[in-house]
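K.L.:
Need coordinates for the below:
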Amino acid sequence: MSRELYRVFIAVDLTDQLKEPIIKMQREFMSAGVDMKPVEPENLHITLRFIGEIGRELVEELKKRLNNVRYNQFTMHIRGIGAFPNIERPRVIWVGIEEGARDLMNLHELIMKLTGDIGERDERSFVPHLTIARVKYVRNRDRYMEVVRKYENMDFGTQLVDSVKMKRSVLTPKGPIYSDLMTIRLS
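P.N.:
You can find the predicted model right below:
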């Protein structure tokens, strides 16, 4: 009997309005000689918890538990950029969360309390951020740093966070395809 696995994570989606300046920035990095895989516009999100591959019965268990999430809506302000492990040697380029970071951390902790025994364990501390690209290589460091300086304090805007989603990620050669498994409305 084969059992289908679902690659699952819990996230906050971005509004189209916030995506526009981020897409522009992704293009600027690529034209500056950064060999990178930008996150597709429809896939831009803030991960609150990566669960990993689980069976259908655990997806249903997660839905039951996530029905207990009680949290108020809040405003999230996206500003500035950074990189993991650092800006000089980027592997992941991200956009920072200014206002709303504490709320995202609180939501992460609440979700961990409800679901922490299911799926992958992550020992790293949660840092609210929005991944915009995975970097293979920076060909032209000077041009790359020009784009970094242009956007390091950029105000990308705000959005109301009124829901959290449990998502499924199907990996394909062209990149992941996400679908919503559940929407949790915030009050």
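K.L.:
Can you give me the distance of the residue nearest the centre of the chain to K167?
P.N.:
Nearest to the mean C-alpha position of the chain, counting by Cα atoms, centre = their mean, stands I46 at 2.8 Å. Separation of I46 from K167 (Cβ to Cβ, to the nearest Å) stands at 12 Å. (Each C-beta comes from the backbone N, C-alpha and C, glycine too.)
K.L.:
Can you work out which residues contact both of those two?
P.N.:
A11 (Cβ atoms under 8 Å, 6 or more residues apart in numbering).
K.L.:
Give me the below-cutoff pLDDT ranges for this protein.
P.N.:
1-2 (pLDDT under 70).
K.L.:
list the helices and strands the helix or strand where R79 lies packs on?
P.N.:
Using DSSP states H and E, R79 maps to strand 74-85. Counting contacts by 3 or more Cβ pairs under 8 Å, 6 or more residues apart in numbering; DSSP states H and E, strand 74-85 is packed against strand 90-97, helix 101-115, strand 129-138, helix 141-151, strand 155-161.
K.L.:
Can you give the distance of the longest one from its chain's centre?
P.N.:
Using Cα atoms, centre = their mean, to the nearest Å, the mean C-alpha position of helix 101-115 is found 14 Å from that of the whole chain.
K.L.:
Is I97 bridged to anything, and to what?
P.N.:
I97 has these beta-bridge partners by DSSP bridges: I78.
K.L.:
How about the contacts made by it?
P.N.:
With contacts defined as Cβ under 8 Å, 6+ apart, I97 is in contact with 46, 76-79, 104, 128-130.
K.L.:
Tell me how far R49 lies from R102.
P.N.:
Distance, R49 to R102, using Cβ to Cβ: 17 Å.
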